[in-house]
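Asks: Any chance you could fold what I've pasted below:
(2 chains)
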Amino acid sequence: MKNPNRKRKIISYLVITFSALIMLTPFVAAALNSLKSYTQYTAIPVEWIPNPFKWENYIEVWRMTDFAQYGWNSLVVTVLSVLGALFSCSMVAYAFARLEFPFKNSLFVMVLGTLMIPPVVMIIPQFIIFKNMGFLDTLVPLWILEWLAQPFGVFLMRQAFLSIPKSYEEAAKLDGCSPFQTYWRIFLPMCKPQLATLTIFTFMTKWNEIMAPVIYLSSEEKFTLPIGVLSMSGAWFGKEQYLVAAALMTLIPILIVFLFTEKFFVRGASSSGLK
Amino acid sequence: MAGKWLKISVLIMAFAFILTGCSDESGGEAGTNSDQTEITLGFYSSGSADEKMNELIQKFEEEHPDIKVKTQNAPYQQFFQKLDTQIAGGTAPDVWLSDGVFVQKYAERGAAKDLTEWINEDLEKDEYYGLDFNKDSDGKYWGVPQGIQIGALFYNKDMFDQAGVEYPDESWTWEDLKEAGAKLTIDTDGMKADDASFKPDSVKQYGLTFFNITEGWMPVMKSYGGGVLGEDLRNSIIDSEENKEAINYIVDGMERGIFTDPSDLQAFQSPMSPFPSETAAMRIGIYARTLAANETGVNYDVTVLPKGPDGERFSPTIANSWVISESASDEKAKAAWEWVKYWVQEDEVQKEWAALGEAVPVKKSVANSELFLESGDKPANKQAFLDSFEHAGTLDVNAVWSEWVKKFGDNINRAFLNETSVEEALENADEEVQKVLDEFYENQ
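Replies: Numbers count the residues shown, from 1 in each chain, chains lettered A, B, ... in the order given. Predicted coordinates for the structure are as follows:
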């Protein structure tokens, strides 16, 4: 009885380790590339191990760009976006999941419908609106939209709320809770995994976003990290290794956020969040 | 409870607006007084060159106290996305740096200002390289060159020495290049391209690296007497005998493993790397390619590009240019013109920019001076770039350049990869490119 189980375990660990290694390869390759000189970076056949390890590439990146400033801008945009997404999406989702009002279903279909409009189509109208509001060359256009309940988040949170039995709501009502209080004190705490999912998704998209910052920002001191990193590459120079180093550094915050929310994230994917 | 949290979120929003919003607008305005003209200047970043650009702008402001320059820059590709959005939204910069291949796009869509009068009045046309590359068929000028990229043949001296092949010179035809290239192509067993047991699938060292338009098919086709667009730039002339001959020449080179084909290039970290990493003995390269080659310390030099079968030569040229916005007010446009003049006329500016080694200087006197020709690093024969101007031509640039290049490239790559015959690729390309042209010009 014990033996086949053990065997199965060993095999599955081997498979897991093997696939983890495959997944890790690009990261390792990138990390190694970031420590090479340009000559080594372009060498053919590929020289995998940098010789010597050029740790100073990372210092050079700090010297070449205003990394700290860009990072701060990115952080402001991302944190405000995450707060906005959590707050607005869950509120709207609660309304769609639990409240009764006219045209509820058609409105929800409309919300989902907007998911199908490619973002490129909306750029020029959005640009003109933000221009008229005087938000060009400020960070506002980069986070404000997240406070207006984006459809993906609404959908995600609505599914989560729908799976909560009606009896919770009724019990709360009997205890004298208003709809907002029910939402805030009963429903939200039960949906932490989905909130964590939304946090990670929003954080990642906003942190990596290129299009919107490029279009709305003009002054260098307001740039976010992705533009800052791309700007340093230039069209002509043989300096791609610095670009890789910079890209790796911008990954760090995402890793941190993931580590902090992972606990919920994994649970969110595997169970409905109800015990 | 509920009320408290609503209040908090409103507070966060309000705080966020202050933090990220128009907070420094008042500060920015304080510096300008009423007799100062403020212009916005857009340019695409090119790494460390940005610093120099900002320095030059500062000097310009010192010399023109009545003009204040606000800059807008972004990475190359994103810069043009942004510019298109800005033009649509009516907030284009007053003057911007355009890749040479896009000038006509802005001109024919009414976004660029016609500079003919100003150029005639203020510039001695013979003193500059590349002015005519921004001229349309009606003789109007739409931009003033900021720096010139012109194609030449780069060759690795060490590899030529090793193979015992004579360095290329201006007598070379494309056939000579292939012949020499065969001796410089080595497979993993050390066999050369002319050897019977040579394996073209496992090449270790290529004769020539071949990269898309400017540094690939365009110069070959043109020097064979072909090309992509007719003189009026509104008709495709792709399906011609000359082009067939040129493309057959290229495909043969790729099949024999002497030239890199598009799939070979994908195997490298960057499609630009075969020459600087000494995997290819030759490349067709614009001036800016000297930067990467110098970075890796390759022992190389340049010469003019080879001739076609009828002795015709063609050097692809891109004049990256300053363009003034059509929607800029008269006052701003004039201030922007001051900047353009400052850029091309001032020797100091030309010299400082030339020192970056990014482009051939626009001003002939500076380009022909020691500063450019003798500037420390390789290549020794910088004169070859200047000589190339005699055979210089554009990349058949018109308003829909990017669109037709994509159609042509997709088709021709199929021929390069042996997925279709040369005849078929050219026929298809001809049809598709003509469609792109018709769609734009018939609605004009």
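Asks: Roughly how far does the nearest residue to B:Ile286 once chain neighbours are set aside sit from A:Phe258?
Replies: Of all residues beyond its chain neighbours, the one nearest B:Ile286 is B:Gln149 (4.1 Å), with distances taken as Cβ to Cβ, 6 or more residues apart in numbering or on different chains. Just so you know, the C-beta spots here come from the backbone N, C-alpha and C atoms, and that holds for glycine as well. Relative to A:Phe258, B:Gln149 is positioned 43 Å away (Cβ to Cβ, to the nearest Å).
Asks: With neighbour numbers in mind, choose between the two.
Replies: Comparing B:Gln149 with A:Phe258 by neighbour count (other Cβ atoms under 10 Å in any protein chain shown), the higher total belongs to B:Gln149, at 23 against 15.
Asks: The more buried one is in contact with B:Gly285, isn't it?
Replies: No. With contact taken as Cβ atoms under 8 Å, B:Gln149 and B:Gly285 are classed as non-touching, separated by 9.6 Å.
Asks: and the residue in the stretch 101-250 of chain B that chain A sits nearest to, helix, strand or coil?
Replies: Each residue of the stretch 101-250 of chain B has a distance to chain A, by Cβ to the nearest Cβ, and the smallest belongs to B:Lys204, at 8.2 Å. The three-state assignment at B:Lys204 reads strand, by DSSP: H, G, I helix; E, B strand; the rest coil.
Asks: list the contacts for it?
Replies: B:Lys204 makes contact with B:Ile186, B:Asp187, B:Thr188, B:Thr279, according to Cβ atoms under 8 Å, 6 or more residues apart in numbering or on different chains.
Asks: Looks like B:Gly230 contacts B:Ile237 (just checking).
Replies: Yes. At 4.8 Å, B:Gly230 and B:Ile237 qualify as touching, with contact defined as Cβ under 8 Å.
Asks: returning to what we had before: model confidence for the residue nearest to B:Ile286, exactly?
Replies: B:Gln149 is assigned 94 on the pLDDT scale.
Asks: Pop out the phi and psi values for A:Leu14.
Replies: Here the main-chain torsion angles of A:Leu14 (degrees, to the nearest 10) amount to phi -60, psi -50.
Asks: in the chain, which segments are predicted with low confidence?
Replies: In the absence of a named chain, chain A is used. A:1-2, A:44, A:233-238, A:265-275 (pLDDT under 70).
Asks: wrong chain, I was asking about chain B
Replies: Per-residue confidence for chain B (pLDDT under 70) gives these ranges: B:1-6, B:18-34, B:47-48, B:444.
Asks: in it, which strand has the most residues?
Replies: Of all segments of type strand in chain B, defined using DSSP state E, the longest is strand B:315-324.
Asks: so of the contacts of B:Lys204, which ones are in helices?
Replies: Within these, membership in helices is found for no residue, as judged by DSSP state H.
Asks: Next, format those residues as TSV and append neighbour count.
Replies: Compiled in TSV, those are given as follows (neighbours: other Cβ atoms under 10 Å in any protein chain shown):
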residue	neighbour count
B:Ile186	22
B:Asp187	19
B:Thr188	12
B:Thr279	23
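Asks: At the contact with chain A, which residues of the stretch 151-300 of chain B appear?
Replies: Within the stretch 151-300 of chain B, the positions lying close to chain A (Cβ under 8 Å from any Cβ of the partner chain) are B:268-270, B:273-274, B:276-277, B:279, B:288-289, B:291-293, B:295-297.
Asks: I'd like to know which of the residues you listed are buried.
Replies: When those are checked for burial by 16 or more other Cβ atoms under 10 Å in any protein chain shown, the buried set is B:268-269, B:273-274, B:276-277, B:279, B:288-289, B:291-293, B:295-296.
Asks: And the helices in the stretch 51-200 of chain B?
Replies: Under the criterion DSSP state H, counting those that start in this stretch, helices of the stretch 51-200 of chain B are mapped to B:76-89, B:103-108, B:116-122, B:157-163, B:174-184.
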